[in-house]
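Engineer: What shape does this take:
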Amino acid sequence: MQRFLTCPGSRRLPLGGTRPRAVRFGGGPLSSKGTVAYRDRLPVCPRCSVELLRRQRRDIWRCPRCSGTQLAAAEVERRLRLLAPEISDDVVRDVMTARRSRAAAIACPMCGRPMQPVALGGVRVGRCNADDQIWFDASELDRVVELAGARHQRQRSWIARLFSHLFAS
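Structural biologist: Alright, predicted model coming up:
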């Protein structure tokens, strides 16, 4: 006896055996090569309400219209280390420590809950605590990396001056 899963709109999909194609709530096949980000829908840009496109194999989502980017917090840290390999752990920890911001809250592209407005390294972004996702408007991720690199250089130059003073001949 074959079992079926009933979807909204009275669609019946067979369970087991053959794999049914991904179907969006309300019917119709999913776009973006069948990748489902959160339960039953693709993420939507909180700024312009366009479906986000998945970049690479990682959970990096980009808006084709406004160039905003949605990343997991761990992916932001990985990107910091990739783009600035000499950066110290203290600087990464300091940059990744979210500080509350007074900016307006936006909806999380993944789950739809309000994202907490925070500042990462001095740049105002939205962070969803439920999904551990961070929303960057166009070029904000680049600014976070740039500010982290500048902070690393300031820290390094201070240490270099200290060592040169202590070990000067």
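Engineer: Surely residue 94 is in a helix?
Structural biologist: Yes - under DSSP: H, G, I helix; E, B strand; the rest coil, residue 94 sits within a helix.
Engineer: Look up how far residue 61 lies from the residue nearest to it when sequence neighbours are not counted.
Structural biologist: Counting by Cβ to Cβ, 6 or more residues apart in numbering, residue 151 is the residue found nearest to residue 94 once chain neighbours are left out, at 7.1 Å. Quick note: C-beta positions are derived from backbone N, CA and C, even for glycine. Applying Cβ to Cβ, to the nearest Å, the value for residue 151 to residue 61 is 27 Å.
Engineer: who's more crowded, the two?
Structural biologist: The neighbour comparison of residue 151 against residue 61 (other Cβ atoms under 10 Å) goes to residue 61, with 26 against 19.
Engineer: In a strand, the more buried one, correct?
Structural biologist: Yes - counting by three-state DSSP, residue 61 is located in a strand.
Engineer: residues contacting it?
Structural biologist: When contacts are counted by Cβ atoms under 8 Å, 6 or more residues apart in numbering, residue 61 touches 37, 43, 52-55, 69-71, 109.
Engineer: Filter the residues you listed down to the buried ones, PyMOL style.
Structural biologist: If you want just the buried ones from those in PyMOL, going by 16 or more other Cβ atoms under 10 Å, the selection is:
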select buried, resi 37+43+52+53+54+69+70+71+109
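Engineer: Out of the contacts of residue 61, the closest to residue 134 would be?
Structural biologist: Among the contacts of residue 61, residue 71 lies closest to residue 134 (Cβ to Cβ), at 5.5 Å.
Engineer: so after whichever strand or helix holds that closest one, what's the next helix or strand?
Structural biologist: According to DSSP states H and E, residue 71 maps onto strand 69-72. Once the chain leaves strand 69-72, the next helix or strand it forms, by DSSP H and E, is helix 73-83.
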